[in-house]
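A.B. asks: can you look at this prediction? I've put the sequence above it.
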Amino acid sequence: MFVLDEIIPVSKDTTAKLKVGQWGFKKPSYVEKISPCMEGCPAGNDIPEFMNLVAQGLFDEALREVLWENPLPGVCGRVCFHPCQSNCNRTNLDTELQIREVERAISEYGQWMPSKEKKEVRGKIAIIGSGPAGLSAAYFLGRLGYEVTIFERYPETGGILRYGIPEYRLPKEVLRKELRRIKVLGVKFHTSFEVRKEEIYRFKDKFDGLILAIGASLPRRLNLKGEDLEGVKYGLFWLFNPFGEEVTLQKVVVIGGGDVAVDAARVARRLYPEAQVLMVAPEEEGEFPAQPEGLQEAQEEGVKVIGGFRPLEFLGHGKLEAIRFGKAKVRRDHETGAYLIEDLKGEMLEKAQLAIIAIGQIPDFTLIPQELIEDGKLKADPWTGETVLEKCFVAGDFINKRATVVDAVSSGKRAAISLHCSLTGDSPKEVLSKIRVGRGFAVSYRAFVTGNSKRLGQVAEFSEISRLIFAEEPSHIPKKLKPQVRIKSFKEVKERYSQKEAVKEAQRCFNCGKCIRCDLCFLLCPDLAILKDNPYRVNEMYCKGCGICSAICPRSVIELR
Amino acid sequence: MENKPLKAEEHEGLRPGHYACPGCGMAIAMRLVLKAIGKAIVVSIPGCNAVIGNVYPYSAFNLPAFHSAFEIAAPTAAGIARGLKLRGIEDIPVLAFAGDGGTFDIGLQSLSGAADRNEDIIYVCLDNEAYMNTGIQSSSATPPLAWTVTTPEGRKGHKKDIMKIMMSHKIPYLATASIGFPEDLMRKVKRAKAIKGTRFIYVLTPCPTGWRVPESLTVKLSLLAVHSMVLPLYEIVEGKGFLTVKPKGIPVREYLRLQGRYAHLTEDQIQQIQREVNENWQSLMKIMGDGS
Amino acid sequence: MRELLTGNEAIAHAVRLSRVQLIAAYPITPQTPIYEKLSQWESEGKLGGVMVRVESEHTAMATCISASLTGVRVFTASSSQGIALMHEMLHFASGGRVPVVMACVNRALALPWAFGSDQIDTLSQRDTGWIQFYCEDNQEALDTVIQAFKVSERVYLPSMVIIDGFYTSHFMEVVDVPDQKEVDDFLPPPQMPNRFDFDDPAFLCNVVGPKDYFRFRKRTHCDLRSSLKVIKEVDSDFGECFGRRYGVVEGIEIGDAEVVLVTSGALTGTARVVLQRLREKGYKVGLLKIKVFRPFPREEVCKLLEGKRKIGVIDRNVSPGQEGVFCQEIKAALYPLSTRPLLQGYIAGLGGLEVYPEEIEEIFLDLLKRSSFEEEPIWKINL
């Protein structure tokens, strides 16, 4: 009998002994980054991460993920103006991801309750205002282990969330659910409780820290003739209590082009089915500052939208009878960036019995100590919320330039962390800059707690290869009620995603900058040099530095160095 | 491809430490095929695929393999398959790797003979579109107008349509595959494994060295080849054909302009190539069914 | 059982009796009746093995070699152009150390085209590392095929069993076809390993460096040389079982011969008759039949031819530019002798040309009266 390997070549030695990695100098590294949507989100939501969880049907885990950065997903999932979506890299392929709708689905289907990071009580904090900023600050301070008390001057909590945004956009039931999550952290609420200016001075008697989140509680006035006539109301405040005298109206005119104006118009539409409802603003129709979706819904519901006019005078005897408008144009001052209204030739007269002026809100500085104000402006750092008063911080519309819910949540979070820093002897500015998400306003609470902020520095650009890897599949948009049905009630207009639809939409997410273990790099390495680890590891003994992994990663996570 | 984590299996038929050029498309293809085939006997022939298999006393195959001659990948595999059956071993597939030279040119006769006899083998053609191992000489698989060392002004003639040739043998399974779609490739290998008779799988394996592209672009080129309809991905099972990936319909110039071997093309020549791609696509669609 | 068979049929019987498991073949004159007979038996269920009707001889050998790697018994047959076409594969078989047995029916190689018997097709393959048996008649062909399987499977080297085209392949003779049981006792089922092992997987026959190539080649050469011993043993065993033995060479009336003629193949049969005649006339002539050409039986040839004054070699082939191949090999084998005989080469019967007894007699007589040898072979052609 012959021994086979003596008479023919029998090669049994494994090539795994051969160090072919010496052929090349470049080696890949896994460098996670943030996504453009994450950078755009003022709350700093880790969108790629929670999308990945929803894509696997893990709604509870996704909710837990969202709650690291934003305590109000049910609210934001309905009303947010979604700056995240505008940055979505997927628009390079087909349509942007419906991040807001998925966030709503997470809040609907996920079950998870937050808890304190530390059991021992760190201190007592007072927060004035239970709007989104106050709630956000209370939530994060509560998680950090503080005993928080919120003082709210209105009978019910929520601020703008309850009183300013109508039921058809944000049902009160949803707000209740969000509040439960904050209450579970031990946050106490005192409603119908107006804190006087003098007490603010002496907050240190009872509390270790104070956050003023009193919102922008005064309406901006036009200061026109006849503005004090009966029947002339101010947007947000009319929304707080929309029922005036039971007069049969023929026409309601809403002045302004923002979201509050749109809501006022749509509420009026519902309350006064026989009346004509008009919305007039100086901007061109396509340039209204309101969210385009809301504006479109208003028009579907029968609100007539007129752009390019500004009010000149309110006419009437004791009661409003008509409004005189002048043609106008809005342009942006190149130097200051401010919007200026230019008057043009031409006029329009609208007979109306109810005028709702919704041109913005301003903070009420009479509510706070003088020391905090200088030259008619709040003397505070808009980034950290620090004021001249020690351990006193501000948050929300009170300080923010951009008056949105998510910006309020963001500033509440920053104020909370800054306040915590001031109590632990750290510099708020330093700490916040370490946990900053990209180049925007957002900071990451999770990075603050875990100390892991490596990823936050770089933003993942759109990876061209995604155009080739992913098939085109535009978003499915949830259905809305028919306009005729909508105006008959305050029922929520937009449906939510079913679980299946939410999962499907989340699967469209590229997860830019985040490794979701798609295994593409692992499978496509010609030299089997990528090993599964956490998430992957490069075996430099075999890696020839070809860079296929870096070129193929649709999330721009792999860098060849 | 869906944006879901792939269930990558752990089994590997190819070992690291092989001598493929950095960025070699063929190495990726061989790895994926061997991953999907599981337990099998491998036939390797002269060409890049044997270099990857490595020299005595090393082997890059985690499986028993045999280095046969250039033009006989198919009958070698057939002989082994028949021998196994005569010894009562029924369930081990025999896989033959061959390049474009060993399939389109010198090996065409023996491949045709094996297909005619419906030999029970899985034949995988790894096409890098020239005789790359011996230094980039043109073969009948070199596409028109491509530069090679022996066709410096661009190849004259057409790329031989190997799929049509194999289709005419009426074998039970044929498929085209691409490393840009690893899941699709592995599924096809698995499907082939379950069928008896001659199974022919064609994989386009870009070669950075011979196509004159940076090493990192191998998979991107594969994706472009599919989406520009240069490489339609389909299966033909018992004579019924259907697409397995819907191409996006990218203009072929997007695929050509990345390759150094096409750097000399004039606008007219690019149009000519686009026309031919369109014609081939139309011709293919006539035999594709719908559904899968 | 004694039957009237052609040489091709005899070979076919031997293949059947040897329980060959896989036969891959391609038709070529004058081999086709072997292929046809085996196919007929396969369709009648009388053949134990599987026929693979391939599309070329090169593929036939490729298929045989690769099947043999799994340890099954394989066979093929060819002639002329077919053997030339599979040349690459013949090296493969010997280097791959697979015990393939091939029946070669000698036929002239083109160009020019001719169909008759000429040994050039098999002799062109003398460097391929195959054992080569040249058979004289139909009985020997049958017996040698059976022996070849036993030899090859012991030494792991392929063998050719060679007969003359038409003269042996197509002429009928009485052949003793052994019983299946007798053959089974002599030639048990193959004991060869399946070289594809999953427990300890190997890449077989991949590229080697010069040092290893040198080593493997030397091993092949040495094993081919030592297979001569095995051939003799098997022949001897065969003799005991079946009552017929052939030896690696056969000397006829060499003992006191002054002049010996060396022949091979069917020509030997004619030469025997001539020898008889000349001996009756009183000439001291002898005949040496070369049966095993590779490995060349140097020792046996030297022993038999030492001391002989004159040797003639009839070649039914020519290696253009040199001389007949058998002549060349005999010269090389006799080179070490201290006294070398006068050696004259004769070329006869190329392309199947008839070699009449008269011509062989002429050759003997020419040899007898020769005092010197010519460097160029003498070309015998009847006009």
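C.D. replies: Yep, it's here. Numbers count the residues shown, from 1 in each chain, chains lettered A, B, ... in the order given.
A.B. asks: list of residues touching stretch A:469-479?
C.D. replies: The contact list for stretch A:469-479, computed with Cβ atoms under 8 Å, 6 or more residues apart in numbering or on different chains, reads A:93-98, A:101, A:494-497, A:501, A:504-505, A:508, A:510, A:520, A:552, A:554, B:1-3, B:180, B:223, B:246, B:248. Heads up, the C-betas are built off the backbone N, CA and C, glycines and all.
A.B. asks: now with 6 Å?
C.D. replies: With contacts defined as Cβ atoms under 6 Å, 6 or more residues apart in numbering or on different chains, stretch A:469-479 is touched by A:Asp94, A:Thr95, A:Gln98, A:Glu101, A:Lys494, A:Glu495, A:Tyr497, A:Glu501, A:Pro554, B:Met1.
A.B. asks: need the contact list for A:Ala16.
C.D. replies: B:Arg15, B:Pro16, B:Gly17 are the contacts of A:Ala16 under Cβ under 6 Å, 6+ apart.
A.B. asks: and chain A, which of those contact it?
C.D. replies: Residues of these in contact with chain A (Cβ under 6 Å from any Cβ of the partner chain): B:Arg15, B:Pro16, B:Gly17.
A.B. asks: so what's the first one up against?
C.D. replies: Looking back up the chat, that one is B:Arg15. Here B:Arg15 is in contact with A:Thr14, A:Thr15, A:Ala16, B:Ala60, B:Asn62 (Cβ under 6 Å, 6+ apart).
A.B. asks: for chain C, state which of the residues you listed is nearest.
C.D. replies: Nearest to chain C among the contacts of B:Arg15: B:Asn62, at 6.4 Å, using Cβ to the nearest Cβ.
A.B. asks: leaving out the residues flanking it, which one is nearest to the closest one?
C.D. replies: Sequence neighbours aside, B:Gly13 is the residue nearest to B:Asn62 in space, at 5.1 Å (criterion: Cβ to Cβ, 6 or more residues apart in numbering or on different chains).
A.B. asks: list the contacts of residue 226.
C.D. replies: You didn't say which chain, so I picked chain A. Residues in contact with A:Gly226 (Cβ under 6 Å, 6+ apart) are A:Glu313, A:Phe314.
A.B. asks: oops, wrong one, chain B.
C.D. replies: Contact analysis of B:Val226 by Cβ under 6 Å, 6+ apart lists B:Ser178, B:Gly180, B:Leu233, B:Pro247.
A.B. asks: quick check: closest non-adjacent residue to it.
C.D. replies: Nearest one to B:Val226, counting by Cβ to Cβ, 6+ apart, is B:Ser178 at 5.1 Å.
A.B. asks: please list the residues of chain A that sit near chain C.
C.D. replies: A:Phe2, A:Ile7, A:Ile8, A:Pro9, A:Val10, A:Ser11, A:Lys12.
A.B. asks: restricted to helices, list those residues.
C.D. replies: A:Ile7 (DSSP state H).
A.B. asks: most neighbours out of the residues of chain A next to chain C, which is it?
C.D. replies: Highest neighbour count within those, by other Cβ atoms under 10 Å in any protein chain shown: A:Ser11, with 26 neighbours.
A.B. asks: quickly note the distance from it to chain B.
C.D. replies: To chain B, A:Ser11 is 4 Å away according to Cβ to the nearest Cβ, to the nearest Å.
A.B. asks: in the sheet, which residues pair with that residue? Tell me.
C.D. replies: Assessed by DSSP bridges, A:Ser11 has beta-bridge partners C:Phe203.
A.B. asks: isn't it up against B:Ala60?
C.D. replies: No - A:Ser11 lies out of contact with B:Ala60 (Cβ atoms under 6 Å); the separation is 9.5 Å.
A.B. asks: got the contact list for the nearest residue to C:Ala141 once chain neighbours are set aside?
C.D. replies: Among residues not flanking C:Ala141 along the chain, C:Cys135 sits closest, at 4.5 Å (Cβ to Cβ, 6+ apart). Counting by Cβ under 6 Å, 6+ apart, C:Cys135 makes contact with C:Ala141, C:Thr144, C:Ile163.
A.B. asks: pLDDT score for the first one?
C.D. replies: Read that as C:Ala141. C:Ala141 carries a pLDDT value of 98.
A.B. asks: circling back: could you measure the residue nearest to B:Val226 against B:Ser140, distance?
C.D. replies: Noted for B:Ser178: a distance of 21 Å to B:Ser140, by Cβ to Cβ, to the nearest Å.
A.B. asks: so these two - more neighbours on which side?
C.D. replies: B:Ser178 (26 against 17).
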